[in-house]
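[1] the following block contains a protein sequence and its predicted model.
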Amino acid sequence: MGIFDRFKKSSQAQDKAKQLSDAAERKANERTGGKYEGQIDDAQQKIEGAIGMDRDRDRPDQR
């Protein structure tokens with residue numbers, strides 16, 4: 001079993017990764033003054049999708 005398989009099965013690890021991902025997105029938007037918010041959001045979605053963290057981006061609690 002690979003590391004990503006273990007990650008996908010661990011809800012605690014996924015919750016922590018989501019928190020870190022959201023924090024990184026907020027920090028990047030803060031540093032750029034929101035100028036690249038769309039690109040940063042797209043990049044976050046691609047990264048999360050690549051490691052199996054797909055989530056509904058329309059939910060307000062996820063932003």
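    That came through fine. Numbering: from 1, shown residues only.
[2] got a list of what the residue nearest the centre of the chain touches?
    The centroid of the chain falls nearest to residue 21 when counting by CA atoms, centre = their mean (4.0 Å). Shown in contact with residue 21 (CB atoms under 8 Å, 6 or more residues apart in numbering): 44, 47, 48, 53. Yep, even glycine has a C-beta here, placed from its N, CA and C like the rest.
[3] restricted to helices, list the residues you listed.
    Of these, the ones assigned to helices by DSSP state H are 44, 47, 48.
[4] which ChimeraX command selects the buried ones in these?
    If you want just the buried ones from those in ChimeraX, going by 16 or more other CB atoms under 10 Å, the selection is:
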select :44,48
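[5] which of the ones in helices among the contacts of residue 21 sits closest to residue 26?
    Nearest to residue 26 among the ones in helices among the contacts of residue 21: residue 44, at 10.4 Å, using CB to CB.
[6] for the closest one, give me its contacts.
    With CB under 8 Å, 6+ apart, residue 44 has these contacts: 21, 24, 25.
[7] apply 7 Å and report the result again.
    By CB atoms under 7 Å, 6 or more residues apart in numbering, the residues touching residue 44 are 21, 25.
[8] quick one: the strands in this protein?
    In the chain, no strands are found when defined by DSSP state E.
[9] hmm, back to that, closest one of the ones in helices among the contacts of residue 21 to residue 17?
    Nearest to residue 17 among those, counting by CB to CB, is residue 48 at 8.0 Å.
[10] so for the closest one, what's the pLDDT?
    Predicted confidence (pLDDT) at residue 48: the value is 88.
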